[in-house]
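Chemist: I would like the atomic coordinates for the input below:
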Amino acid sequence: MQAKLASGLTTFCHCWLLQRTDGVKLGFTDHDEDLTFDGVIYERLAGMTASAVTQTLSLNVDTIDIAGALQSDHLNEADLAAGLYDNASLTLFLADWTDVGDRDIVFSGSVGEISRGLNAFTTEMRGLSHALNQERGRIYQRSCDADLGDARCTVDLNSPTYKGSGTVDGVATNHTFSASGLNGYQDGWFTSGKVTWLTGANAGAVMEVKFHVNNGAEVSFELWETMPFDIDVGDTFAVTAGCDKSLATCRDRFNNVPNFRGFPYIPGNDSVTAYANTGDQNDGGSKVGGQA
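Modeler: Numbers count the residues shown, from 1 in each chain. This is a model prediction of the structure:
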C-alpha cells in the first residue's frame, strides 16, 4: 500500500463503516462501484465527503465533518430523524479499490451532532478520546444517580400506578399536545417521565416529558424536544411516571427509600466554608468578667 501511495496512482477511495447502537452495520464509499470487505458491502455513490482529518498526540477530541446526500436506501432523512444513528460508531478507511486488502484506518470514533435537511446532511464525527469526557462510575451527590425503573432502582414501571396509556385529542405543536385516557393521574405525575409512541408517524420513538398538566378539565403534555414527525389526533402512546431524583420524591411517590442511590445528607459547600464555633463561654461553669 505504501508503494502505491508513493507512486502517485489515484486508485484510492474512502470507505465509511457505520455501526448503529442496535448492531446494524452499513458501509458507504465514494468510489463508483460497490466494494466488499470484512463481510460488509460498501455502497457506491453514497454522495459522502469528509473534511480534512486532523489528529493530535494530546487528549483533545479529534473531529471531522462528513457531508452527504440522503440518497441511500438506508441512510435517509426518516432514519436520521428517528435517531437511529445517534452515537453510532464510525470507521473511515482509505482503501485501494483495485485490491481492498490494501487499506488503512484513517479515523475511528462515533457520530456526534447531526444537521439534516430535505436532501442532505452534515454530521460531526468525534474521535475515540471523546469517551474520556463521559462520566464513569458514581458521583457523590445529594440526588439519586439511578435511572427510574432500572436494576438499581427496582421500581416496576409496568405497574398501572406508574404507567398509563393515552390518545392524542388535540395538537398545538410537535412537542405540545393534549390527551385523553389519563385523567386518573394527578397533576405533574408524568413530569420527567417518558412518552413512547405506539401508533402514528412517530411509532417506536421515545421522548422525555418536560411538563405534565392535569387541571381537571384537560390533560396536556409538553415534551423536551420536538418529535421528528407530525403528532396527529388519534395517535396513541404509553407514558411512565417521572422522578426528580430527590429523596422526598423517592419516599412519597415510590416508597423506595431503601434503594435511593444518592447521598442526601452529604455536607454542602457551606460546611466547607464555615468557621469553627467554640460554643458559649458560660458552658461548664466558666467565669466571665470575674463572676461565676
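Chemist: for G234, what are its contacts?
Modeler: By C-beta atoms under 8 Å, 6 or more residues apart in numbering, the contact list for G234 reads 167-168, 199-200. Where you see a C-beta, it was placed from the backbone N, CA and C, and this is true even at glycine.
Chemist: low-confidence bits of the stretch 1-150 of the chain, can you list those?
Modeler: The stretch 1-150 of the chain contains residues with pLDDT under 70 at 45-82, 112-121, 124, 127-135.
Chemist: how about 50 then?
Modeler: For the stretch 1-150 of the chain, the stretches with pLDDT under 50 are 70.
Chemist: what about the helices in it?
Modeler: Using DSSP state H, counting those that start in this stretch, the helices found in the stretch 1-150 of the chain span residues 2-7, 77-81.
Chemist: for the contacts of G234, which one is nearest M1?
Modeler: Each of the contacts of G234 was checked against M1 using C-beta to C-beta; the closest is G200, at 50.6 Å.
Chemist: for that closest one, what are its contacts?
Modeler: G200 is in contact with 168, 229, 231-232, 234-236, counting by C-beta under 8 Å, 6+ apart.
Chemist: make TSV out of those residues and add secondary structure.
Modeler: As requested, those are exported to TSV (DSSP: H, G, I helix; E, B strand; the rest coil):
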residue	secondary structure
V168	strand
F229	coil
I231	coil
D232	coil
G234	coil
D235	coil
T236	strand
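Chemist: lowest pLDDT pick from those residues?
Modeler: Here the lowest pLDDT out of those sits on F229, with 86.
Chemist: find the nearest non-adjacent residue to it, please.
Modeler: A201 (3.6 Å; C-beta to C-beta, 6 or more residues apart in numbering).
Chemist: quickly find the element holding that neighbour.
Modeler: Assessed by DSSP states H and E, A201 sits outside every helix and strand.
Chemist: cool, thanks, talk later.
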